[in-house]
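Enquirer: Sequence and computational prediction follow.
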Amino acid sequence: MKPEIHPEYKETEFTCACGQSYKTYSTLGGSHRVDICGACHPFFTGKQKLVDTAGRIDKFNRRYNRPQDNS
């Protein structure tokens, strides 16, 4: 690596809105806040919200007076 062209890595602390805190090294340095992390993200916690697609389709059809498909 060429000297003096790469940014310096500094210890950085990231704090999530849920209160979880992570220390790592980054070119940012200091302390930063994030909105969501692996401890509270629905994909990683298994608490995903299931979407009722059939209900959405029915609502769309009612809104635009489209005939129901009964196949």
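Expert: Yep, it's here.
Enquirer: so how far is stretch 32-47 off the chain centroid?
Expert: Stretch 32-47 sits 7 Å away from the centroid of its parent chain (Cα atoms, centre = their mean, to the nearest Å).
Enquirer: ok, now stretch 6-18?
Expert: The offset between the C-alpha centroid of stretch 6-18 and the centroid of the whole chain comes to 18 Å, using Cα atoms, centre = their mean.
Enquirer: Identify all contacting residues around it.
Expert: Stretch 6-18 is contacted by residues 21-37, 39-40 when judged by Cβ atoms under 8 Å, 6 or more residues apart in numbering. C-betas here are computed from N, CA, C, even on glycine.
Enquirer: Put the alpha carbons of the worst-scoring helix or strand of the chain on mean pLDDT into CSV.
Expert: Among the secondary structure pieces of the chain, namely its helices and strands, helix 42-45 has the lowest mean (mean pLDDT, DSSP states H and E), a mean of 73. Taking C-alpha atoms only, helix 42-45 is exported to CSV below (Å, rounded to 0.1, in the frame of the first residue of the first chain):
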residue,chain,number,x,y,z
PRO,A,42,-37.6,-8.1,11.8
PHE,A,43,-35.7,-10.3,9.3
PHE,A,44,-33.1,-11.3,11.9
THR,A,45,-35.5,-11.6,14.9
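Enquirer: any idea which helix or strand comes after it?
Expert: The C-terminal neighbour of helix 42-45 among helices and strands, as given by DSSP states H and E, is helix 53-63.
Enquirer: by contact count, what packs against that next one?
Expert: Using 3 or more Cβ pairs under 8 Å, 6 or more residues apart in numbering; DSSP states H and E as the contact test, no helix or strand touches helix 53-63.
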